[in-house]
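>>> Okay, here's the prediction I keep looking at, along with the sequence it came from:
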Number of protein chains: 2
Amino acid sequence: MKQWRSLSSKKGRQATQSYLLESWHLVQEAIKARQPLTAIMGTADELAAHEVQLPQAVPTFELTDSIAKTIGDTGTPQGIFATLPMPNATVVDPTTAAGTWLFLDYVQDPGNIGTMVRTADAAGLTGVVFGKGTASRFLPKVLRAMQGSQYHLQLVEADLHDWIKAFTSRGLPVYGTNLDPKARDYREVNPMTAGAIVMGNEGNGMAPDLQTMTTTNLYIPIKGQAESLNVAIAAGVVMFRVVA
Amino acid sequence: MKQWRSLSSKKGRQATQSYLLESWHLVQEAIKARQPLTAIMGTADELAAHEVQLPQAVPTFELTDSIAKTIGDTGTPQGIFATLPMPNATVVDPTTAAGTWLFLDYVQDPGNIGTMVRTADAAGLTGVVFGKGTASRFLPKVLRAMQGSQYHLQLVEADLHDWIKAFTSRGLPVYGTNLDPKARDYREVNPMTAGAIVMGNEGNGMAPDLQTMTTTNLYIPIKGQAESLNVAIAAGVVMFRVVA
């Protein structure tokens, strides 16, 4: 029990090399994606409700309602959970990587990160590179916002300098984003089938040195009086326009 | 003090007919928008840091660090706050309302609602109608996500049946949204200068009876394996394409 509770913290995840899924929706996505679940824990009601769909080979543990409330980090207790081993780091070579990618530079809000992974999935991208300073994909709030899209895309942790350099050397477009109206209107570029879009930190945008390495930097014209867009919204608008 | 703390709850807001802004960013937006602040409260450091920009006519109260932490509902204490009277309900007549509008039907997540208001501002819309079941625009999390855009747009609480009927009667397009691939691809409609877009509940989408009242319903083709988009992302993609 103590070990399950510990998975809400980074220390606990590192010590056990495993992480926690909360809610039936996330557990179900993992089952559908044939992930190597190590345990399923739930209240009697939740386990009964989903009995038919639970894989027989995975050990199942019944929790009392009061114990279920102490597991996980959601304000609203979910009643059903699963544990998984942390996967080995996905190694993808940027000099040969195919398709379209989203690069995240110092993105810090877990909800934004998870939502961008989910949106990248929906927009048909190949993968997401978590650059330096970007929050971990095993944070409970990131997992919740990804809604299972982590099983549909390649997620990589790597240095964005290497990835940007590798893509531009191969002649693939890398589109940075910033708020400078001198940047290029995102509607002016042709939809791509290979290349990358870079999103930056919520407060500071993309690192200046990365901005100088891109093919070009795009901006979304703001028509009203808002100072900026939420980073996940900007990513959605750009991905649905720029990815073929 | 007790009254300031009470503003994190609906009961407290109703009893005092006022609401709370947390963080310098939100207080600053209210000052810029010449809102009728009734008090500004902050730690000595925060008040000193922003002294030049604080309006002289508004009573200012210094808080100890430990008291500042007990005000507001953010996990991260902000150190500076302001109170405002709840504005009288904005009454806009849908039979004469001009421009482009976002209609929210039973949208429940405060972060989604606030982000959609901010995005509507950035996309140049005229206003947002909060339909039945949509969370209050005075919730702290809604205020945080709006980032001051509530001062740039008209926000109205009203019955969406009336608004949809009034717009379509005037020959203005009302675009519903749903996940049905039989709906119309959002890229097929011409950008509009007057009309509305309707976004629905996170889990259930737009109410079926409202769907039958719209000009047509739009969908965003999903290319990957994600089941759906986050409602605020979908709203952003559609608004930036469909609003001229």
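Great, that's in hand.
>>> distance of A:A82 from A:A196?
When distance is defined by C-beta to C-beta, to the nearest Å, A:A82 is 32 Å away from A:A196. Placement of C-beta: from N, CA and C, glycine included.
>>> which one of the two has more residues nearby?
For A:A82 versus A:A196, neighbours defined as other C-beta atoms under 10 Å in any protein chain shown are more numerous around A:A196 (32 against 26).
>>> Can I take it that the more buried one is in a helix?
No: counting by DSSP: H, G, I helix; E, B strand; the rest coil, A:A196 is not part of a helix but strand.
>>> residues contacting it?
A:T100, A:W101, A:L102, A:F103, A:V129, A:W163, A:I164, A:F167, A:L172, A:P173, A:V174, A:Y175 (C-beta atoms under 8 Å, 6 or more residues apart in numbering or on different chains).
>>> so which helix or strand takes in A:L155?
strand A:154-157 (DSSP states H and E).
>>> end to end, how far does stretch A:218-229 reach?
End-to-end span of stretch A:218-229 (C-alpha to C-alpha, to the nearest Å): 14 Å.
>>> Looking at it now, give me its mean pLDDT.
Mean pLDDT, stretch A:218-229: 94.
>>> and the contacts of A:A196 as TSV, adding secondary structure, pLDDT and distance to chain B?
Listed next are the contacts of A:A196 as TSV, based on DSSP: H, G, I helix; E, B strand; the rest coil; pLDDT from 0 to 100; distance: C-beta to the nearest C-beta, whole Å:
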residue	secondary structure	pLDDT	distance to chain B
A:T100	strand	98	10
A:W101	strand	98	13
A:L102	strand	98	12
A:F103	strand	98	17
A:V129	strand	98	17
A:W163	helix	98	20
A:I164	helix	98	23
A:F167	helix	98	20
A:L172	coil	98	19
A:P173	coil	98	19
A:V174	strand	98	21
A:Y175	strand	98	16
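>>> so which pair among the residues you listed is furthest apart in space?
Across the contacts of A:A196, no pair lies farther apart than A:V129 and A:P173, at 15.3 Å, counting by C-beta to C-beta.
>>> which one of the two has more residues nearby?
Using other C-beta under 10 Å as the criterion, A:V129 and A:P173 rank with A:V129 on top: 26 against 18.
>>> what about that one, distance to A:A244?
In terms of C-beta to C-beta, A:V129 sits 20 Å off from A:A244.
>>> Check A:G12 too.
Separation of A:G12 from A:A244 (C-beta to C-beta): 42 Å.
>>> Neighbour count for those two, which is higher?
A direct count of neighbours by other C-beta under 10 Å for A:G12 and A:A244 places A:G12 higher, at 17 against 11.
>>> So for that one, what's the nearest residue that isn't a sequence neighbour?
Distances taken as C-beta to C-beta, 6 or more residues apart in numbering or on different chains put A:S6 closest to A:G12, at 2.9 Å, once the chain neighbours are dropped.
>>> Report the contact partners of the residue nearest to A:I164 when sequence neighbours are not counted.
Nearest residue to A:I164, sequence neighbours excluded (C-beta to C-beta, 6+ apart): A:M213, at 4.6 Å. Residues in contact with A:M213 (C-beta under 8 Å, 6+ apart) are A:H161, A:I164, A:K165, A:T168, A:V174.
>>> Just the buried ones out of the residues you listed, please.
Neighbour counting with 16 or more other C-beta atoms under 10 Å in any protein chain shown marks A:I164, A:T168, A:V174 as buried within these.
>>> May I have the residues that are in contact with the residue nearest to A:G72 when sequence neighbours are not counted?
Ranked by C-beta to C-beta, 6+ apart and with sequence neighbours excluded, the top spatial neighbour of A:G72 is A:E22, at 4.1 Å. The neighbours of A:E22, taking C-beta under 8 Å, 6+ apart as the test, are A:I71, A:G72, A:D73, A:T74, A:Q78, A:I80, A:F81, A:P140, A:L143, A:R144.
>>> could I get these as a markdown table with neighbour count, distance to A:D109 and pLDDT?
As requested, the contacts of A:E22 are exported to a markdown table (neighbours: other C-beta atoms under 10 Å in any protein chain shown; distance: C-beta to C-beta, whole Å; pLDDT from 0 to 100):
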| residue | neighbour count | distance to A:D109 | pLDDT |
| --- | --- | --- | --- |
| A:I71 | 22 | 24 | 85 |
| A:G72 | 24 | 19 | 78 |
| A:D73 | 14 | 15 | 73 |
| A:T74 | 14 | 17 | 60 |
| A:Q78 | 21 | 21 | 77 |
| A:I80 | 27 | 26 | 94 |
| A:F81 | 24 | 24 | 94 |
| A:P140 | 21 | 13 | 88 |
| A:L143 | 24 | 14 | 93 |
| A:R144 | 21 | 13 | 91 |
